[in-house]
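Undergrad: structure for this input, please:
(4 chains)
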Protein chains: 4
Amino acid sequence: MTQQKPVISAAEVAKHNTRESCWIIVHGHAYDVTEFLDDHPGGSKIILKYGGKDATEEYDPIHPPDAITSNLPPEKHLGPVDPSTVKEAPKELTAEQKQREERSRFKPPLDECLNLHDFEAVAKATLPDKAWAYYSSAADDEITHRDNRAAFQRIWFRPRILRDVTRVDWSTMILGHKSSMPVYITATALGKLGHPDGELNLTRAAGKHGVIQMIPTLASCSFDEIIDAGVQDQVFFMQLYVNKDRAKTKKIVQHAEKRGVKALFITVDAPQLGRREKDMRMKFEDVGAAVQAKSDDKVDRNQGAARAISSFIDPGLSWNDIPWFRSITKMPIILKGVQCWEDAVLAAEAGCDGIVLSNHGGRQLDTTRSGIEILPEVVDELRKRGLFPNPKFSIFVDGGVRRATDVLKAVALGATAVGVGRAFIYAFSAYGQEGVEKAVNILNDEFEMNMRLIGARNISEVVPSLVDTSSLSLHVTTVPEDRLYRGNYEAMRGAAVREIVKSKL
Amino acid sequence: MTQQKPVISAAEVAKHNTRESCWIIVHGHAYDVTEFLDDHPGGSKIILKYGGKDATEEYDPIHPPDAITSNLPPEKHLGPVDPSTVKEAPKELTAEQKQREERSRFKPPLDECLNLHDFEAVAKATLPDKAWAYYSSAADDEITHRDNRAAFQRIWFRPRILRDVTRVDWSTMILGHKSSMPVYITATALGKLGHPDGELNLTRAAGKHGVIQMIPTLASCSFDEIIDAGVQDQVFFMQLYVNKDRAKTKKIVQHAEKRGVKALFITVDAPQLGRREKDMRMKFEDVGAAVQAKSDDKVDRNQGAARAISSFIDPGLSWNDIPWFRSITKMPIILKGVQCWEDAVLAAEAGCDGIVLSNHGGRQLDTTRSGIEILPEVVDELRKRGLFPNPKFSIFVDGGVRRATDVLKAVALGATAVGVGRAFIYAFSAYGQEGVEKAVNILNDEFEMNMRLIGARNISEVVPSLVDTSSLSLHVTTVPEDRLYRGNYEAMRGAAVREIVKSKL
Amino acid sequence: MTQQKPVISAAEVAKHNTRESCWIIVHGHAYDVTEFLDDHPGGSKIILKYGGKDATEEYDPIHPPDAITSNLPPEKHLGPVDPSTVKEAPKELTAEQKQREERSRFKPPLDECLNLHDFEAVAKATLPDKAWAYYSSAADDEITHRDNRAAFQRIWFRPRILRDVTRVDWSTMILGHKSSMPVYITATALGKLGHPDGELNLTRAAGKHGVIQMIPTLASCSFDEIIDAGVQDQVFFMQLYVNKDRAKTKKIVQHAEKRGVKALFITVDAPQLGRREKDMRMKFEDVGAAVQAKSDDKVDRNQGAARAISSFIDPGLSWNDIPWFRSITKMPIILKGVQCWEDAVLAAEAGCDGIVLSNHGGRQLDTTRSGIEILPEVVDELRKRGLFPNPKFSIFVDGGVRRATDVLKAVALGATAVGVGRAFIYAFSAYGQEGVEKAVNILNDEFEMNMRLIGARNISEVVPSLVDTSSLSLHVTTVPEDRLYRGNYEAMRGAAVREIVKSKL
Amino acid sequence: MTQQKPVISAAEVAKHNTRESCWIIVHGHAYDVTEFLDDHPGGSKIILKYGGKDATEEYDPIHPPDAITSNLPPEKHLGPVDPSTVKEAPKELTAEQKQREERSRFKPPLDECLNLHDFEAVAKATLPDKAWAYYSSAADDEITHRDNRAAFQRIWFRPRILRDVTRVDWSTMILGHKSSMPVYITATALGKLGHPDGELNLTRAAGKHGVIQMIPTLASCSFDEIIDAGVQDQVFFMQLYVNKDRAKTKKIVQHAEKRGVKALFITVDAPQLGRREKDMRMKFEDVGAAVQAKSDDKVDRNQGAARAISSFIDPGLSWNDIPWFRSITKMPIILKGVQCWEDAVLAAEAGCDGIVLSNHGGRQLDTTRSGIEILPEVVDELRKRGLFPNPKFSIFVDGGVRRATDVLKAVALGATAVGVGRAFIYAFSAYGQEGVEKAVNILNDEFEMNMRLIGARNISEVVPSLVDTSSLSLHVTTVPEDRLYRGNYEAMRGAAVREIVKSKL
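TA: Residues are numbered from 1 along each chain as shown, chains lettered A, B, ... in the order given. Here you go, the predicted structure:
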């Protein structure tokens, strides 16, 4: 790559802007991608748009830095482009983009963020439309997505008093590894859409605060970049989408194990990626993805981005594959995306090391129940079969977590730890690594307070009798409004400052 | 009709604009309707309004093309009108109509429709007021109408993982006939209000995509037009309102059977058509109706349109009539509009071939339960009596269906297939036949995705344990708001971009 | 009264405008009320306001015409006032009043009223503030008032099909008297606030349509005026507030019986009239009341109007009084305001002829349950004791009725008939007697339709299995909104007409 | 303090405005606080802000008058400041403050307050932002705070009729002391934020109306000031936050007992004060607190006000401390903040004299249940163990009370009395002592009315069968809205005054 190629002028590159001859500039080097056009997992159209131009800004969020060099044969690396010849493309910002940039400059200082919701509020105001749509969207009518949050509010505390809570400790062990809290950073895709450092924001904050990060298959940063950003002995888990080509999967898994990853979370709720209509409406070209970008699949992207990304994922994955995973790795194997007790039992019987009760953040099947909702029935049925409690089989939950109280509810009901995804994305999208650290600190503050208030001195004291789940499974819709009656009903008014004055104010 | 009558000038026609002598122009021909005035099912008033004028535009949506020629004796067919003499009536559009037309020109391209709701949104924006009111209205306070939709959201999935879902197939057999999905197009009236081709849009799309259409008694297009528009071996069902004059009913049924219709769905929830107040408020003159328009009933229309239309329907229809239907046709007989298990059992015992659990789209009795809600109790009670499962007795459901997930819930609970009505009407109202095809394609996309996500490879794997119906029968209203308290409560605010900036934006 | 007194000039009257000498003009005659000031049930203040002036307009809505002549000794009847000398007080309308008057002129024609809600909408727009506040207000936070309506929507139909419903008949017998529907006009106070003819609007419409009217103790019109306005054999019931002075009550009851009233409904839910804050906020001077206005109680009105009116009502009324009522009248005795099964059983055991399950339209105790909600438990407990069904003991329900479906639900659950109050008040407030007749016609239309749709040919076929009450007793409040989360959640948007166009429209 | 110090000029004071030499003026005297800066419980920053200036206005609401004189050694009391030299700091009011002051001048006259909500409405409009934020805020998402109110509305009455309710008496005995109603004024902090007389408003009104006041640890007024403001034999309770330094606690308790306080309510739900985000967002410097201000704790206030205030509270308080409390006082000991039946049983077994079922007004742990909700289960479990009813063990409830009906529900379910906090704060914030008296009068009015309406003549007749609690424990969230469907659904419209006119109005 550095084999002294001659410097090229941007004007020369500019001539190659057709399907017949297509050059692009990435990170100051020119590449001939003419023959690669049809092999691009994101389709040829998006490349042609940048034919003869500098594509770095579009390329960066959704590819690892070395994707282009490792996918193109050396002879297509044309060499450095004379920077003095590259004209900055006059960026025409839309009114919406201008507003976002201005809002971004005036965003609240980090210490005004008092809870995890606040990061989302700031991210929503300042993220580019496409990034917001990608991160925030969920399947169909997003009912499950929102019920993930609402379900926690159908669980109420039964706190205990007059225990000496001078010292409270909410650290715990997750799959044999110390964690400063019963929370891990769960896998979410395309981190660079939100921040130029992408997932590394999470890695650095996690390392500093003793939190475990789960590395996503579809990260913007490459797997090795993430590992390399870790501190000494930092604990990582890995999330895996299983490739139809098991050889690729094997390579990825074994590489991860070699680099020290401590557990393998196999996603089982996504034989195909969901239809996320907000995202589709944005015409978001959710192209490429880091880890798998090395593949040379040819895919038809006419059917939409999500389906394109999912093309390498094997919908044929089945229980029969579990022994094979056992054979290629010694890492604990956890199934991510279990949604009923029957499959939880099967997972335990299949010798898995745990499960994540998850519906993929509401991004896959709509009107499926939340992880926290099925936790009690999963625990009950495992217990009946002598499979719970069980040091060899851990239960995790994700979806909708925003408060330490949410985490404590899950732990009380039998979860080892809880995955938090979007909240951390929003934290770094708005404030980078510092945002993630602040989010961790907020959780710590909330844990200290709430451990004391429920009367639990350590995680082992966070027990089922601390919560009331009697309303957890109520999926109520209200009788549709009697609009004519309501239209006639005149709402009560209370005492008020005199109208005369009000109108003057 | 083509017996060389002399050409008439529009000026001549214009002279006959009174009850004493009333001529009208339809499709370029003049007709003397003076003696027909009192026999018109829609009343004389609406005809007199067009006396001496061209009535085609008013006539078309609510009559089959041959209604006028077959209802008038040949001597009243006065012959062609000289087109050069017909002055285009200066159409004065209301402000509302102008807005609709403009919106219509700028409606979103078809590929922006991502789900079945979208067609409704476009139709609502672009349909004439009267058509929208007729299609969208329902009985009384429209509580049942809306609960039809809400009921699906009280059913939640219990999806299964790690089944090999590489290939998923959601085609099925309906009453012995292949259907590309467990969905049929159910009967809805007056299709030409939404689109000049009326029900033919459905027929053509259905033929192309292997979907079964149920032909409505009150179609805008004539029965034969619809059949004729079908492709080779296209499967049709027929919906029947039973006439007080059973001879007419017999003629219709036997004609349908002769033309190859495969099943007879007798509407049993409409001894009288419902009061639909939105429609009444529009003063919609919901006059005439295709199939029955050949009748010569004299009806008093002062009491409102719905009652007028229903005048031919026999409120005396009873269980005693079922053997008679058996005697006049070999088609399977299905009762459409069953709303409790008792009648489902009676239907099975009476030898019917199936039932549709339906409340007529909420257009008849308000605060009656939705079809999907009563499905579990119907299945339970039939099962107790050895009547379910039963290849000779099919259960269908309609009302409120918008997503493939809705359909899968019904199938899981025992339905053979689900009827979709309004969604397809809105699809062709907004985009004609293409709209219907797109709607079918969207459903196919959703089926593929959701079959995989629930872990079912074919319809036989869509079983009851895939759904949780524990909240299905909850008809909750919330305690009326404590307005004084709420008025005082100050909602939480999160971190926000500084106000100063906001006001500048 | 007509004993030829000399004509007086208004100027002469005007001199007597003090507590020392106070004359007023009513219906063209002058009266010296100086000595009556302290005896006026409505307090002296309101009289003094009209001292020396014409008080007719204020007097009329809340007194029977003969109240002044029968309360003052003949020597205080000063004689006719020369009309030419009476200057019309220049009425200064407030902006609000002007708006109401204008709205009143443009109110929708009667045939645009399609349901009982519509009368309320028109009345709300056109009634004087004070009248609207008095009629529409209820106790405390008006939670019971609104739940009266909502409770009906927690009952859902289980309609039956294929019964010959050619003829349907919803007439019934109420306490041995024919009624054209299972509805009676229940007692409500101060009818002249809404319309100059007050309760007579109800009487005339009821007589014409075979509906039974219950005459209220606190009517604006006198008892005899109402009876006199009835047609031959018109059936009346009477509602009774029991006076501390039983002699007065006895006189009223026996007079009613003599005039042919068929049943006595004793109000038992109002030992004191409720605090109705909307009404209090209006500073509504809810003074006087017809039937009891003949009393000479001195009351302190500083505590508010409702308490003042209720001053004659005996809070000491108890079960021990029932035999006394039996001893003074042969009319059936019904207790109006029973709110739990225990009291229903006591009423039956005490030999009463029936009960009204009622909470006084939500105007007395807030967060008490609605009549329709307790009906099933009342029927169950009576049945257990062999007291239901029982031709000698009728159960009535009132509160929140707006649709024939509401009535049919009550009848299905065991009620003989249902009382409708406010809906009829609003009907005559907006349109006089014609409004009441229209309201009755609307109910008849709805009854015909809905009897057919539930499959009942007559009232005896309206049975419990036609309704599902499983959710009736759910008093649900939703978990308070998670405002930060909701603030961040971005609602889904569907396909839409292009924004560019929208803004142009 | 009055030892004739020389008069100082304000100019002299003004020179001492640095950390090196810091003087302030309070109540007309100068003090040298240089050495006290680091000992100030509220931090040095807030003092330095007033260095060299008159700090009285800031000092007053949050310190007892003698705090400064008793915390500083006599030599730091510099003597009186010449008032003629003190320049009134030109107060710059923010726009918000100006609006509040103007609103304050035009607030509704007291007799327009018809219920307890009204005081809150007026206080909200007229209180300074910081005071409103401090009083109204609660923990996290304030879900428990609001559910405290909502829970009362899940309890419905079953009122009884025909009992002679001529005389009704709602007075009761609380811990052996007469109370004019089953309500006491519960402890709330920092009363001077709302009104210059702070808690004394409560004391004076309570004394006048026979209501018991619970004196808060964190009152703005000193304990003795409050006691001194009482009338002869006025009954007080005391609320206690237990200090890490038990000697201080002992001194406070024994002083209280000596001054005649009748019961000790030990707060057990606040080992640490809650995070109240509304308050935090206000950057409210919730510094200092009366009773404990004599401590010389050094605290780091960087973590926020609530945590700072709570620094003296002992999170190590446990069941083991109860015997010690017994040993230092003969006052009855009541645990305030019990939230499940298990702790209620423990409290009874530990020999406590009662409990308050309370979640601290929703200010501590969010999504914990309300006191009224757990009351039935507490009573049941105590009864099972023979601990209820029990003259030696009283149950109290607080949180969300606004109406006498709320109180009666709690009493019916077994509570001796109910604590009201915020409502009384708002009453004096808006109207001083008169406001509190009016609030008491309103409650009395409501009690009289509602005792009659439920058919109870005295508190002993307020029994469990008067209420229906079947829905009390339902914590329902509704299925998230189906936004696309709702967006398309067109709400019903009723009859309306013609638009033409409307637009003219």
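Undergrad: how about the residues of the stretch 151-300 of chain A by chain B?
TA: Residues of the stretch 151-300 of chain A lying close to chain B by C-beta under 8 Å from any C-beta of the partner chain are A:V268, A:D269, A:P271, A:Q272, A:G274, A:R275, A:E277, A:M280, A:R281. To be clear about C-beta, it is placed using only N, CA and C from the backbone, and glycine gets the same treatment.
Undergrad: what about A:A14, which helix or strand?
TA: Using DSSP states H and E, A:A14 sits within helix A:10-15.
Undergrad: got the buried residues for that helix?
TA: A:A10, A:V13, A:A14 (16 or more other C-beta atoms under 10 Å in any protein chain shown).
Undergrad: ok, now which ones touch the residue of the stretch 301-450 of chain A found nearest chain C?
TA: The nearest approach of the stretch 301-450 of chain A to chain C comes at A:R402, 6.7 Å away (C-beta to the nearest C-beta). Residues near A:R402 by C-beta atoms under 8 Å, 6 or more residues apart in numbering or on different chains: A:N115, A:L116, A:H117, A:R149, A:A423, C:Y485.
Undergrad: am I right that it falls within a strand?
TA: No. Using DSSP: H, G, I helix; E, B strand; the rest coil, the secondary structure at A:R402 is coil, not a strand.
Undergrad: domain map for chain A?
TA: Split into domains by automatic domain parsing, chain A comes to A:10-85, A:134-473.
Undergrad: okay, the ones you listed in JSON lines with mean pLDDT next?
TA: Converted to JSON lines, the domains of chain A look like this (pLDDT from 0 to 100):
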{"stretch": "domain A:10-85", "mean pLDDT": "84"}
{"stretch": "domain A:134-473", "mean pLDDT": "92"}
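Undergrad: those into TSV, with extra columns for distance to D:G52?
TA: As requested, these are exported to TSV (distance: least, C-beta to C-beta, whole Å):
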stretch	distance to D:G52
domain A:10-85	55
domain A:134-473	36
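Undergrad: quick check: which of those domains is buried the most?
TA: Of all the domains of chain A, domain A:134-473 has the most neighbours on average by mean count of other C-beta atoms under 10 Å in any protein chain shown, namely a mean of 22.
Undergrad: so what's the gap between that one and the chain middle?
TA: From the chain centre to the centre of domain A:134-473 is a distance of 8 Å (C-alpha atoms, centre = their mean, to the nearest Å).
Undergrad: what does stretch A:97-105 give?
TA: Per C-alpha atoms, centre = their mean, the centroid offset for stretch A:97-105 relative to its chain is 24 Å.
Undergrad: also stretch A:128-138?
TA: That offset, for stretch A:128-138, works out to 12 Å (C-alpha atoms, centre = their mean).
Undergrad: anything in it near chain B?
TA: No. Residues of stretch A:128-138 are not located near chain B by C-beta under 8 Å from any C-beta, the shortest gap being 11.7 Å.
Undergrad: dump that stretch to CSV, restricted to CA.
TA: Extracted in CSV, the C-alpha atoms of stretch A:128-138 (Å, rounded to 0.1, in the frame of the first residue of the first chain):
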residue,chain,number,x,y,z
PRO,A,128,-27.9,13.7,11.1
ASP,A,129,-31.3,12.5,10.1
LYS,A,130,-30.0,9.3,8.6
ALA,A,131,-28.1,8.3,11.8
TRP,A,132,-31.1,9.1,14.0
ALA,A,133,-33.4,7.2,11.8
TYR,A,134,-31.1,4.2,11.8
TYR,A,135,-30.5,4.1,15.5
SER,A,136,-33.9,5.0,16.7
SER,A,137,-36.1,2.9,14.3
ALA,A,138,-37.7,-0.4,15.0
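Undergrad: from the residues of the stretch 151-300 of chain A next to chain B, which is closest to A:T469?
TA: Closest approach to A:T469 among these (C-beta to C-beta): A:D269, at 23.2 Å.
Undergrad: what residues are up against that closest one?
TA: Under the criterion of C-beta under 8 Å, 6+ apart, the neighbours of A:D269 are A:K336, A:G337, A:V338, A:Q339, A:S358, A:N359, A:H360, A:Q364, A:L365, B:P159, B:I161, B:L453.
Undergrad: contact residues of chain A facing chain C?
TA: A:115, A:117-118, A:120-121, A:124, A:132, A:136, A:141-142, A:146, A:149-150, A:153-154, A:277-278, A:281, A:402, A:476, A:479, A:482, A:484-485, A:487-490, A:492-493.
Undergrad: so of the residues you listed, which ones are in helices?
TA: Among those, the members falling in helices (DSSP state H) are A:117-118, A:120-121, A:124, A:132, A:136, A:146, A:149-150, A:277-278, A:281, A:484-485, A:487-488.
Undergrad: so how far is C:K107 from the closest residue to A:P159 other than its chain neighbours?
TA: Among residues not flanking A:P159 along the chain, A:I454 sits closest, at 4.4 Å (C-beta to C-beta, 6 or more residues apart in numbering or on different chains). Per C-beta to C-beta, to the nearest Å, A:I454 is found 60 Å from C:K107.
Undergrad: kindly report the same for A:K192.
TA: A:K192 is 63 Å from C:K107, by C-beta to C-beta.
Undergrad: check which helix or strand A:E20 maps to.
TA: Short version: A:E20 belongs to no helix or strand, going by DSSP H and E.
Undergrad: how about the residue nearest to it when sequence neighbours are not counted, what does it touch?
TA: Counting by C-beta to C-beta, 6+ apart, the nearest residue to A:E20 once its immediate chain neighbours are dropped is A:T34, at 7.1 Å. By C-beta under 8 Å, 6+ apart, A:T34 lies in contact with A:H16, A:R19, A:E20, A:S21, A:C22, A:W23.
Undergrad: just checking, what packs against the host helix or strand of A:Y59?
TA: Per DSSP H and E, A:Y59 falls inside helix A:56-59. Helix A:56-59 is packed against strand A:23-26, with contacts defined by 3 or more C-beta pairs under 8 Å, 6 or more residues apart in numbering or on different chains; DSSP states H and E.
Undergrad: who does the strand it packs on touch, helix- and strand-wise?
TA: helix A:10-15, strand A:29-32, helix A:56-59.
Undergrad: for A:H360, give me its contacts.
TA: A:H360 touches A:T267, A:D269, A:A270, A:G274, A:G337, counting by C-beta under 8 Å, 6+ apart.
Undergrad: make CSV out of these and add secondary structure.
TA: Putting these into CSV (three-state DSSP) gives the following:
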residue, secondary structure
A:T267, strand
A:D269, coil
A:A270, coil
A:G274, coil
A:G337, strand
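Undergrad: just these now: which is nearest C:I174?
TA: Looking across the contacts of A:H360 and measuring by C-beta to C-beta, the closest to C:I174 is A:G274, at 60.1 Å.
Undergrad: that closest one against B:E448, yeah?
TA: No. Between A:G274 and B:E448 there is no contact under C-beta atoms under 8 Å: 11.8 Å.
Undergrad: what sits against the closest residue to A:P61 other than its chain neighbours?
TA: Once flanking residues are discounted, A:P61 sits nearest to A:K192: 3.5 Å by C-beta to C-beta, 6+ apart. Applying C-beta under 8 Å, 6+ apart, we find A:K192 in contact with A:D60, A:P61, A:I62, A:G198, A:S220, A:C221.
Undergrad: my read is A:K192 is in a strand, agree?
TA: No. According to three-state DSSP, the state of A:K192 is helix, so it is not within a strand.
Undergrad: quick revisit: among the contacts of A:R402, which pair sits farthest apart?
TA: Distances among those were taken as C-beta to C-beta; the most separated pair is A:N115 and A:R149, at 13.2 Å.
Undergrad: identify the residues contacting the residue in the stretch 101-250 of chain A that chain C sits nearest to.
TA: Closest approach of the stretch 101-250 of chain A to chain C (C-beta to the nearest C-beta) occurs at A:H117, with a separation of 3.8 Å. With C-beta under 8 Å, 6+ apart as the criterion, the residues that contact A:H117 are A:R402, B:G494, C:L484, C:Y485, C:G487, C:N488.
Undergrad: any chance of these in TSV with distance to A:E102 as columns?
TA: TSV is the format used below for those (distance: C-beta to C-beta, whole Å):
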residue	distance to A:E102
A:R402	28
B:G494	19
C:L484	24
C:Y485	26
C:G487	21
C:N488	20
